[in-house]
Structure formats: structure tokens, C-alpha cells
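*Asks:* build the 3D model from these lines:
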Amino acid sequence: MKTETHKISVRNRAVITSIWMIPDQYESVFIIAPGAGKDMTSEFLCYMHENIAKHDVMTVKFNFPYLEQGRKAPNAPTILEDTWLAVIEEVQKQTGFPRDKIFLSGKSMGGRYATLLAAKFDGYAGIIHYGYPLHAPGKTEKPRGEDLSAVHSPMLFFQGTRDSLCELDILRPILEKLDPQPTLHIIEGGDHSFKLLKRLNRSYESVLQELVVKSVEWIKKLQ
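*Replies:* Got it, this is the predicted structure:
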């Protein structure tokens, strides 16, 4: 296993950092994007990035330009999509892999922009969502799942039962209409960050381990 840092230019507007964990042998690449509030050094992204790589899957994590620059407000949607595209293009350039060997994933907003990109450019191996931001807190009447119907790659959703940004009663009917049928994995008691109530007597690390195991199983089935 080796670790590399790659600087990637985003349409000549910004330069972002990406970190690649490269096993001695691998058949697919897993790219994970951060959520809106934390960059790629977050506990969650680091855990997924490092532990999925241990299963002979090359993993790549990266920052969006605003996170790279230490700002709080996300970039415009076009820049977020362009960042995703620039990272994918660099991975393809370095590995020679086609889209159907590349898995896109993200925490919250990072995953949503993966689907927005996949809705325009089809053919990825799969997309994994870690806490899909379906709606604003308390605003279930305005779900943001319209892009999902345009995605034809397999999708895996990890959702907590206490996620204020994704009521499961709203999500399930949307997923049932999609083709191919996405996989939904529920984290009982988990909030948007998969944190649990203390009374459940379960560690956060055990939840992260579950996410890694289920992600790897799904990736291996499709690669």
C-alpha cells in the first residue's frame, strides 16, 4: 500500500488537494467527497478512505475549492460539479480505468453532487451515499431527489433513522421508482453523521466499521 498526494486543477479556477491510497493490487477505484461542513480530514472521511483501501480497493479523497481555501460557504454548483469531474479525469488519466471501474461516493453534499454529475455523464460502476441530503431540516415537502431518476448506475444509500435531512418515509417511495433499484442500508438510531444516542450502547467506531464492511461487499459484488 502506498499513499500519494495529488494537486488537481479545477478548470483553471482553483487547485485542490487529493490523497490517494493505492493497494499493491486493485480492480476498482473508490472516490469519496466531503460534506458541506468538514473537509477531507474529517474523522468520517479518513476512516472510510483508509479502511476501504485495506480491502484492495484504491481510494481517493479530495477537497472542494472552498474547503481547500478554508472558507465555510460552498462554491457554486457548477464549480462543485467541475471539481468532481476534474478528480475523476485525473484518476482515469493515472489509472487508465474507464468509468465502469470507478465508484463515486460522498458524505451528504459530496454524494449529492456525485449523483448530479452521474445524471449527466453515465456509466460509473456505482454511487454510494453516506447520508443523502434529501431535504432541509423540517422541510420534507421540498425533497431534492429529482436528479436520482436520471442516474442509471447502481446506487447504495446509508441512512440513519434520526437523519433530519432525510426522512425515510420520504426517501423510500423515491427509491422504489428508480431503475436499477438502489440498495438502502439503515443505521438504526443514527443521525445525519451516523452518531447514535448513548442509550443504544453502541460505539461510533462500530458504526463506521459497519459502513466499511457493507460498502466493500457492495463494491466487490459490482467490480
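
*Asks:* please enumerate the strands of this structure.
*Replies:* Using DSSP state E, the strands found in the chain span residues 2-10, 14-22, 29-33, 58-62, 102-107, 126-130, 155-160, 183-187.

*Asks:* and those strands as CSV, adding mean neighbour count, distance to Gln94 and mean pLDDT?
*Replies:* Using the backbone N, CA and C atoms, a C-beta is placed for each residue, glycine as well. Output for the strands of the chain, formatted as CSV (neighbours: other CB atoms under 10 Å; distance: least, CB to CB, whole Å; pLDDT from 0 to 100):
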stretch, mean neighbour count, distance to Gln94, mean pLDDT
strand 2-10, 13, 8, 97
strand 14-22, 18, 8, 97
strand 29-33, 26, 9, 98
strand 58-62, 26, 10, 98
strand 102-107, 26, 12, 98
strand 126-130, 26, 20, 98
strand 155-160, 24, 25, 98
strand 183-187, 16, 29, 97
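
*Asks:* quick check: which of these is nearest to Ser42?
*Replies:* Ser42 lies closest to strand 102-107 among the strands of the chain, at 7.6 Å (CB to CB).

*Asks:* other residues contacting the closest one?
*Replies:* Here strand 102-107 makes contact (CB atoms under 8 Å, 6 or more residues apart in numbering) with 28-35, 38, 42, 44-45, 48, 57, 84, 88, 91-92, 111-114, 117-118, 124-131, 215, 219, 222.

*Asks:* of the residues you listed, buried ones?
*Replies:* Among these, those classed as buried by 16 or more other CB atoms under 10 Å are 28-35, 42, 44-45, 48, 57, 84, 88, 91, 111-114, 117-118, 124-131, 215, 219.

*Asks:* hmm, back to that, format the strands of the chain as TSV; extra columns: distance to Leu80.
*Replies:* As requested, the strands of the chain are exported to TSV (distance: least, CB to CB, whole Å):
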stretch	distance to Leu80
strand 2-10	10
strand 14-22	11
strand 29-33	9
strand 58-62	11
strand 102-107	10
strand 126-130	15
strand 155-160	19
strand 183-187	25
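
*Asks:* how about those, which one is nearest Ala73?
*Replies:* For Ala73, the closest of these is strand 14-22, at 14.2 Å, according to CB to CB.

*Asks:* that closest one to strand 2-10, inter-axis angle?
*Replies:* For strand 14-22 against strand 2-10, the angle by axes from the mean of the first three to the mean of the last three CA atoms, to 10 degrees is 160 degrees.
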